[in-house]
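J.: here is a sequence together with a model predicted from it:
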Amino acid sequence: MTAVRYPAVAGLFYPDDAVELEEMVRQFLAAAEAPADLIPKALIAPHAGYVYSGPIAASAYRLLLPAKDQIERVVLLGPAHRVAFAGLALPSVDAFVTPLGRVAADRQAIAKLADLPYVLRFDAAHEPEHSLEVQLPFLQEVLTEFKLVPIVVGLTEPETVAEVLERLWGGPETLIVVSSDLSHYHDYHTARCLDRATSQAIEDLDPSRLNEESACGRIPVAGLLLVARKHGLKAKTLDLRNSGDTAGSKDQVVGYGAYAFF
C-alpha cells in the first residue's frame, strides 16, 4: 500500500475543489508579469492563503512555463510552523496529494541525504504543515511531471540547509523552491520598509542581513543565498507586496515577496 501525505489546508488556504483550484491558479498565472525568458534555478515564493499571497507567488511560478518539460525534480523547503524540532525533516511517504492529484517523492534524491546527522524522517512535522503544501498546486499547474524532495526546516543553521542544497543541486532538471513569507503583523508602512530591506539583502545574496523579523523562512532562505553565491547566481525581486495590498487590512499585515535566481 502506497503511503501518502494528504492535504492539511485544502479548503482553508486554497480551494479543495480541483476545478475551482485549477481555475484560480490559472488566473493568478495569467495576471502575473513575466519579466524575461530566463529559466530560474531557484525561487522564493510566499505561502499564505491564496487570496493574500497567490498573485505574488504566481509571478515566480510563471517563469517556469518555458521549462515545463525540462524540470523533473523540485527540492522544496519551508519553515516549520506547527511542530518544533531540530534539524531538517523528510517524510516517509511515497507521495503528496493535493486536489490536483499526486506528486511522487523522489526517493533516489532523498537517499543522497541519508548520512547527514541533522536530516531526519519525521512525518509529524509534515502532516499539519502548510508551507510546502500551498506551493504544490502552482507546481502541478506549470510543470508537466516532476518528483518532489519535500523538506520542512526546523531549528538549524543556514549552513546545514546549504549542504543539503549542494547535494541536490543537480542541473537544469532540478529546481529549488524556498517557501517563505516576509515580515509579520506590522503596520503597512513599517512592513514595507522591513520587506524592502529584506529584498535588498536577498538580491545582494547576503544572509547576514536577515533576522527573525525578516522572514518566517529565514533559515532556508539564508541557506539558499549561501549556495546561490557559491554558484554565481543572481537574484531578482519579481514582486513585493503585503496582505494590505491584496485582501487584508493595512493595520497589521504580512509581507510577501517572490524572487528568482538565475
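T.: Good, I have the coordinates.

J.: make it CA atoms for all contacts and neighbour counts henceforth
T.: Fine.

J.: for the chain, which helix is longest?
T.: Looking across the chain with DSSP state H, the single longest helix is helix 188-203.

J.: for it, list every residue counted as buried.
T.: Judged by neighbour count using 16 or more other CA atoms under 10 Å, the buried positions of helix 188-203 are 188, 191-192, 194-196, 198-199, 201-203.

J.: now the helices for the stretch 151-262 of the chain?
T.: Taking DSSP state H, counting those that start in this stretch as the criterion, the stretch 151-262 of the chain carries its helices at 158-168, 188-203, 218-230, 243-246.

J.: pLDDT averaged over the shortest one - what is it?
T.: It stands for helix 243-246. Mean pLDDT, computed over helix 243-246, is 96.

J.: repeat that for the longest one.
T.: Summarised as a single mean, pLDDT over helix 188-203 is 98.

J.: also stretch 207-224?
T.: Rounded mean pLDDT across stretch 207-224 is 97.

J.: what about it, distance to the chain center?
T.: 13 Å (CA atoms, centre = their mean, to the nearest Å).

J.: go on, stretch 195-210?
T.: Offset of stretch 195-210 from its chain centre (CA atoms, centre = their mean): 17 Å.

J.: restrict that stretch to CA atoms and write it as PDB.
T.: What follows is stretch 195-210, C-alpha atoms only, in PDB (Å, rounded to 0.1, in the frame of the first residue of the first chain):
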ATOM      1  CA  ASP A 195      10.400  44.000   3.400                       C
ATOM      2  CA  ARG A 196      12.300  46.300   1.100                       C
ATOM      3  CA  ALA A 197      15.400  45.800   3.300                       C
ATOM      4  CA  THR A 198      14.900  42.000   3.200                       C
ATOM      5  CA  SER A 199      14.500  42.100  -0.600                       C
ATOM      6  CA  GLN A 200      17.800  44.000  -1.000                       C
ATOM      7  CA  ALA A 201      19.600  41.500   1.200                       C
ATOM      8  CA  ILE A 202      18.200  38.700  -1.000                       C
ATOM      9  CA  GLU A 203      19.300  40.500  -4.200                       C
ATOM     10  CA  ASP A 204      22.700  41.000  -2.600                       C
ATOM     11  CA  LEU A 205      22.900  37.300  -1.600                       C
ATOM     12  CA  ASP A 206      23.800  38.500   1.900                       C
ATOM     13  CA  PRO A 207      22.200  36.200   4.600                       C
ATOM     14  CA  SER A 208      23.900  38.200   7.400                       C
ATOM     15  CA  ARG A 209      21.400  40.900   6.900                       C
ATOM     16  CA  LEU A 210      18.400  38.600   7.600                       C
END
